[in-house]
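Q: Sequence unavailable; structure follows:
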């Protein structure tokens, strides 16, 4: 029978995931000849054979692809017959302007885990075991195509056995770029005195286990950076870690060897188990069982614990069960307060020596630091809190082709975003942009993404706030590189991010309930309790919480008691001596606060929903001062009675939401001895009912039936799930985030799409 030849180009995550050996073996299976290679834009195939077999081959490229592959497009066309014998994997080809998505770092697979604990395997207890189905990717890659010389493994020459596996298309380690073994790969060691090796290899791991069991604190170099670890069942160890790290109350992440261990301490739903055991292996927030074991100091004032499973062989070896050994460990980011996670041995020695009792180090360089991802589940579906390891730099796939744009993101929970074609590359979590180290890391990461994905920004989007570090960066780059710049209002970015993530057309009108802590408004005040009508081009402010003073600015962020009294003052509700926020402040503090409010001294106005949560938390005696962002609101949510269905009233004055009736009703309940848990629940229910009331009004007046829920307040699952239920019961469509967090981690994506569409309009 006659033969034909085809050229096939595949775009997506198809490098570093075993795609070429898959193609090779598929071609042999169907008796086809030709070649396959990596390129800077994906995978190219030239294949010759009978038409029927070629058709089956092309179909199976997508239906039977390796588990970590993500195919976006397959372009195929017939070419002149190519004489060839057999099928080959040939050398990679680079093109200066071509690009492909890059696979994120992936947790150890089942096969490698089995080999890790197999006494007969040559990689038995080797802490860097990996294959094409698992292991480091984004944290070690320097450039594309994804080949070993372009990674931090380039300096480790493979031994004959590893080279044989690497060269064998039938082996699952074929072209696994981090492939290594105890003879030729990276090694671990422990330092009790920084800079001085104490024990190496497996002896170092066993001694680390001894130290953890004895209640010591370890700095552990992992996949994307350092962890600080200790026994989570040892209260004194956790207390010491808090004291040394200067982290009084913010919850610590936990790690346990297996699901069985995790189930001892928290409720694990079917969806949560899928997340925990997924190749991405994020931290998952789970409801406490309140059984003895985990020290209260791990997550004070919380109703949840954040658990993850070991995602590297090193973590598995450290957590391997044995009689008398702890079954849960604190595994928190190895950094100083609000600084980026540390990722080099020397920086860890310098900065963590006052925290850690010992250092478990290795010599595989981390090219790109990356934190652990954090998830919850909402209505049985995954819900991002922090998008990082395992997910970044997976692009957000778009319905529209966009120009090359850089969006620099916000100040808090910063990410940035780059667009190209039908991809939006939303960065991994950068963090708070308030210190020099984070800003340095931010600038480096932006350039790395631009180089990796071959993007030269044609426009820059940024936040309206003039004092944001990211805004200043955008303005400097715009000027120095002569790039058009586009300011984007913070809450408009939230709205656009959620609508485009959910597949809306850019000019579709949606209503957005954008509830968060802080965002610079177009009127120069601080917004945060906004109901917006808009799309990716423009928006109007339909309604908002009536603004109240924020006396002292940042001081009030740290003292919810000040916010509570300011809120009462704004609505002419008298301060009573028995009110918890009154008791929390001294006479002098109250007098100064009154003077600020009466004279409008350093008291900018805010419509922030986040600040309202702070005020209510203080008002009912939950939290008067905070040591981390949203602590008051989180603890308010934690005590809310899930069985309470009551709610408090609001008033509307044209486009302003008046909360005076709510405040008076809460104080009445308080005076009548109603429990804090009931009041907290009724407050949450009130915000949900407020949302549905305004949503129905918008539908009746404007005919809009799609409602975006975005902003950090929607991390409150109690509030979110009740609001979703009400919207569903009223046959209104709710759009929530599923590919990125609702907090400021989504703002850069919103900035990017708004900037892209405005730029394209300007170019027409």
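A: Okay, I see it. This is a predicted model, so every value here is computed, not measured. Numbers count the residues shown, from 1 in each chain.
Q: and the helix or strand hosting residue 679, which residues are buried?
A: Residue 679 belongs to helix 676-702 when assigned by DSSP states H and E. Within helix 676-702, the residues scored as buried using 16 or more other Cβ atoms under 10 Å are 676-692, 694-695, 698-699. (Each C-beta comes from the backbone N, C-alpha and C, glycine too.)
Q: in the stretch 501-650 of the chain, which spans are strands?
A: 510-520, 526-534, 539-545, 548-549, 605-606 (DSSP state E, counting those that start in this stretch).
Q: again, but for the stretch 251-400 of the chain
A: Under DSSP E, counting those that start in this stretch, the stretch 251-400 of the chain gives strands at 253-255, 283-287, 304-308, 329-333, 358-362, 374-378, 381-386, 396-407.
Q: a markdown table please, covering these and showing mean pLDDT.
A: Converted to a markdown table, these look like this (pLDDT from 0 to 100):
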| stretch | mean pLDDT |
| --- | --- |
| strand 253-255 | 98 |
| strand 283-287 | 97 |
| strand 304-308 | 97 |
| strand 329-333 | 97 |
| strand 358-362 | 98 |
| strand 374-378 | 97 |
| strand 381-386 | 96 |
| strand 396-407 | 95 |
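Q: Which one, of these, ends up nearest to residue 740?
A: Nearest to residue 740, of all these, is strand 381-386, at 5.6 Å by Cβ to Cβ.
Q: where in the stretch 151-300 of the chain is pLDDT low?
A: Judged against pLDDT under 70, the stretch 151-300 of the chain has no low-scoring part.
Q: what are the ranges of the helices in it?
A: Under the criterion DSSP state H, counting those that start in this stretch, the stretch 151-300 of the chain carries helices at the ranges 160-167, 201-213, 235-245, 259-263, 270-276.
Q: And the helices in the stretch 551-700 of the chain?
A: For the stretch 551-700 of the chain, the helices defined by DSSP H, counting those that start in this stretch cover 554-558, 560-570, 580-584, 587-599, 609-619, 631-639, 660-671, 676-702.
Q: Looking at the ones you listed, spot the one closest to residue 409.
A: Using Cβ to Cβ, the nearest of the helices of the stretch 551-700 of the chain to residue 409 is helix 609-619, at 18.5 Å.
Q: ok, and what's touching stretch 185-204?
A: Under the contact criterion Cβ atoms under 8 Å, 6 or more residues apart in numbering, stretch 185-204 has outside partners 125-128, 156, 162, 179-180, 182, 205, 207-208, 314, 349, 353, 357-364.
Q: Could you give the secondary structure assignment for residue 465?
A: What DSSP: H, G, I helix; E, B strand; the rest coil gives for residue 465 is coil.
Q: Would you mind measuring from it to residue 436?
A: Distance, residue 465 to residue 436, by Cβ to Cβ, to the nearest Å: 19 Å.
Q: Compare those two and say which one has the larger neighbour count.
A: Neighbour totals were compared for residue 465 and residue 436, and residue 465 leads with 19 against 10 (other Cβ atoms under 10 Å).
Q: you'd agree residue 88 is up against residue 35?
A: Yes - Residue 88 is within contact range of residue 35, at 4.6 Å (criterion: Cβ atoms under 8 Å).
Q: of these two, who's got more company?
A: Legend: neighbour count by other Cβ under 10 Å for residue 88 and residue 35, higher for residue 35 (21 against 14).
Q: Wasn't the more buried one part of a helix?
A: No - counting by three-state DSSP, residue 35 falls outside a helix, being strand.
Q: Bridge partners for it, pull those for me.
A: Here residue 35 sits in beta bridges with residue 46, residue 88, going by DSSP bridges.
Q: wait, what's in contact with it?
A: Residue 35 neighbours (Cβ under 8 Å, 6+ apart): 45, 46, 84, 87, 88, 89, 90.
Q: what's the nearest residue to residue 224 if we skip its chain neighbours?
A: residue 370 (3.5 Å; Cβ to Cβ, 6 or more residues apart in numbering).
Q: List the contacts of the one you found.
A: Neighbouring residues of residue 370 by Cβ under 8 Å, 6+ apart: 105, 138, 139, 223, 224, 225, 341, 388, 389, 392, 428.
Q: before we move on, the earlier item: wait, which of the strands of the stretch 251-400 of the chain is closest to residue 39?
A: Proximity to residue 39 (Cβ to Cβ) singles out strand 396-407 among the strands of the stretch 251-400 of the chain, at 19.7 Å.
Q: which helices and strands does that closest one pack with?
A: On a contact count with 3 or more Cβ pairs under 8 Å, 6 or more residues apart in numbering; DSSP states H and E, strand 396-407 meets strand 417-426, strand 459-463, helix 747-763.
Q: Let me know the average pLDDT across the helix or strand just after the first one.
A: To tie it back to what came earlier, the one meant is strand 417-426. The element immediately downstream of strand 417-426 (helix or strand, assigned by DSSP H and E) is helix 436-452. Helix 436-452 shows a mean pLDDT of 94.
Q: if we can go back for a sec, turn the strands of the stretch 251-400 of the chain into TSV, including distance to residue 321 and mean neighbour count.
A: As requested, those are exported to TSV (distance: least, Cβ to Cβ, whole Å; neighbours: other Cβ atoms under 10 Å):
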stretch	distance to residue 321	mean neighbour count
strand 253-255	13	25
strand 283-287	20	24
strand 304-308	16	24
strand 329-333	12	26
strand 358-362	19	23
strand 374-378	25	21
strand 381-386	28	19
strand 396-407	39	20
